[in-house]
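Q: have a look at this fold, sequence not included:
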């Protein structure tokens, strides 16, 4: 739910985009496809002085009555983001364990292969001498 910050009572006209500028005042700019004739590009013009100071985490807008309002910004799931990060770290750990297991298995296989081939070749070598 939005809360009103400043009462300006701005009347909107077709073809204009109304917004809160850097100084915290209500300004308007011509829309590219706003309806009506295409006007030459102009700088945004101030419509009303509001003097609003912005806070982080809030979205500021001009509501239907033409007043400045704000609402808490919807961020893409804070809890979800933490869960995903937790899963990623767990997955990395799991992957590290799997690669460690794989390398040890390979090393054991190689060692057993070497000893088996040496054992097969050893009697033949002795017989030759």
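A: In hand now; what should we look at? Fair warning: this is a prediction, and the values are worked out from it, not measured in the lab. Numbering: from 1, shown residues only.

Q: rest of the way, CA atoms for contacts and neighbours
A: OK.

Q: how about the contacts made by the closest residue to residue 7 other than its chain neighbours?
A: Of all residues not flanking residue 7 in the chain, residue 67 sits nearest, at 4.7 Å (Cα to Cα, 6 or more residues apart in numbering). Residues in contact with residue 67 (Cα atoms under 8 Å, 6 or more residues apart in numbering) are 4, 5, 6, 7, 8, 9, 10.

Q: any idea how far residue 45 is from the last one?
A: Taken as Cα to Cα, to the nearest Å, the spacing of residue 10 relative to residue 45 amounts to 13 Å.

Q: now swap in the fifth one and tell me
A: Computed with Cα to Cα, the distance linking residue 8 and residue 45 is 15 Å.

Q: so for these two, which sits in the more crowded spot?
A: Between residue 8 and residue 45, counting by other Cα atoms under 10 Å, residue 8 is the more crowded of the two (17 against 13).

Q: quick one: the more buried one and residue 50 touch, right?
A: Yes - counting by Cα atoms under 8 Å, residue 50 is a contact partner of residue 8 at 6.9 Å.

Q: could you give the bridge partners of residue 58?
A: With DSSP bridges as the criterion, residue 58 is bridged to residue 72.
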